[in-house]
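> I'd like to go over a predicted model; first the sequence, then the structure.
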Amino acid sequence: MTDFAKDFPILSQKVYGKRLVYLDNAATTQKPDSVIDTMSDFYRTEYSNIHRGVHYLSEVSSEKYEEARKKVSDFIGARNPSEVTFTSGTTGSINQVARSLEPSLRGNEVLVTGVEHHSNIVPWQLAGAKVKAIPMDEDCKSLVDSMEITSRTKLIAIAHVSNVLGSVNEIREITEIAKDHDIPVLVDAAQSIQHLPIDVKEIGCDFLAFSGHKMYASTGVGVLYTSDRFSDIMPAIGGGGMIDKVTFEETTYLEPPLRFEAGTPDIAGAISIGAAIDHMQKIGMDKIQSHEHEVYSYARDKLLEMDNVTVYGNTKQMCGAVSFNLDNIHHYDTGLILDKMGVAVRTGHHCAQPLMRSLGIEGTVRASFALYNTKEDVDMLIEGINKVEMMYK
Ligand SMILES: Cc1ncc(COP(=O)(O)O)c(CNc2co[nH]c2=O)c1O
């Protein structure tokens, strides 16, 4: 177990008497002691509701919450913390943008890539927009030059990294084109925030969404970055904490970030995101990226070497997840058997049914990696796949 893994208590347990090889990080990551301790200490000694209390604990909680906001703002290169709001997660963040932009989206078009998660398809349909996909080549690389932008294209919403393939979309290229047409861009960073450096100004997006639980923090909390270009859009959710004046006839709203944070947020969850950022930065993002790249490349190379294994997707840069199938063996059966060997992967369509249709399959086996995984974990995966194949001989 590497030093990185030693910080994650759950990884030292056995499953079915075997060492746990946790390769389902695209679904959710495990939590380091530093995040677990930060949350439990907060509830033990500092917790209260935020922003409107006049007592000590409320002030301490508010300070911790705003400290977490500042950490996120610095981590993603926002101009200032008011561009950062805490949400329920990537899905919640994207739905908020869809609801706020609905007047411009209804009856018009949203351009996405062909690898999107349902959380970056369905909200736009609920907002009454037609969702159109940028064409892809056979390796699932978006053909940016074939992007069809019309007068009805009102938003471009793209995954930074595919949760199925691990393919990295050319988001800078896309935002450059979007800028030329004055079209706002939302980046779904659920599968990139934990793997790649994110600088929203350098990317040039107007919105960026991610979840805490995919970057070693708590579930049910996430982040929506809203560039100050859109600081005056109508809030998607109304309630306490986001208003200036309320009458029965009309309401005026505060400026961001509180404008977009109605109700009592997941205070401890937001603080856990700050603690997760501290954990990653203590190791060093460069060190994490080079370690992950080494393990991920080793896994892809090993899978590509195997005769009866089909590996999906192949773009210039890949990270996080790798999807594959064993020829003539259902992905679910492969996943079940790997589980009994202590290897945790995910199978199915991964909430990316349009991508499955493009690939002509109904599901894959997906192994997905995090900072605590090792080449030994990959060896266990490959050994497990060989055993699955033996069972079907
Ligand atoms: C690219 C992408 N966007 C949005 C979401 C939604 O995130 P949530 O709001 O935190 O659920 C996910 C979750 N992806 C997965 C969740 O479980 N397996 C997955 O691949 C994702 O991978």
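That came in fine, so what should we check first?
> Within range of the ligand, give me the residues from the stretch 101-250 of the chain.
Residues of the stretch 101-250 of the chain found near the ligand (CB under 6 Å from any ligand atom) are 117, 119-120, 159, 163, 188, 190-191, 211. The way it works is simple: take the backbone N, C-alpha and C, and place the C-beta from them, glycine included.
> contacts for stretch 242-256?
82-83, 85, 226, 228, 231, 235, 238, 258-262 (CB atoms under 8 Å, 6 or more residues apart in numbering).
> Now that stretch: average pLDDT?
Stretch 242-256 shows an average pLDDT of 98 in the prediction.
> buried sites along that stretch?
Buried residues in stretch 242-256, counted by 16 or more other CB atoms under 10 Å: 242-243, 253, 256.
> Give the next helix or strand downstream of the strand or helix carrying residue 292.
In the assignment (DSSP states H and E), residue 292 maps to helix 285-305. Past helix 285-305, further along toward the C-terminus, the next helix or strand under DSSP H and E is strand 309-312.
> buried residues in that next one?
309, 311-312.
> Pairing partners for the closest residue to residue 193 other than its chain neighbours in the sheet, please.
The shortest distance from residue 193 to any non-neighbouring residue, by CB to CB, 6 or more residues apart in numbering, is to residue 210 (4.2 Å). Beta-bridge pairing of residue 210 under DSSP bridges involves residue 223.
> tally of neighbours for residue 210?
Burial measure for residue 210: 28 neighbouring residues, criterion other CB atoms under 10 Å.
> now do the one 4 residues further on
Residue 214 sits with 28 neighbouring residues when counted by other CB under 10 Å.
> Need the three-state assignment for it.
The three-state label given to residue 214 by DSSP: H, G, I helix; E, B strand; the rest coil is helix.
> in the stretch 201-350 of the chain, which spans are strands?
207-211, 222-226, 243-246, 251-253, 309-312, 321-326, 343-344, 346-348 (DSSP state E, counting those that start in this stretch).
> Just want the most central residue of the protein.
Residue closest to the mean C-alpha point of the chain, counted by CA atoms, centre = their mean, is residue 190 at 1.0 Å.
> Name the nearest residue to that one, sequence neighbours excluded.
Nearest non-adjacent residue to residue 190, counting by CB to CB, 6+ apart: residue 90, 4.2 Å away.
> Quick check: that neighbour touching residue 210?
Yes: at 5.7 Å, residue 90 counts as touching residue 210 under the criterion of CB atoms under 8 Å.
> Which neighbours do those two have in common?
Common neighbours of residue 90 and residue 210 (CB under 8 Å, 6+ apart) are 188-190, 222.
> just these now: which is nearest residue 124?
Ranked by distance to residue 124 (CB to CB), the shared contacts of residue 90 and residue 210 are led by residue 188 at 11.6 Å.
> My guess is the closest one contacts residue 115. True?
No: applying CB under 8 Å, one finds residue 188 not in contact with residue 115, separated by 10.2 Å.
> where do the contact lists of those two overlap?
What both residue 188 and residue 115 touch, as defined by CB under 8 Å, 6+ apart, is the set residue 159.
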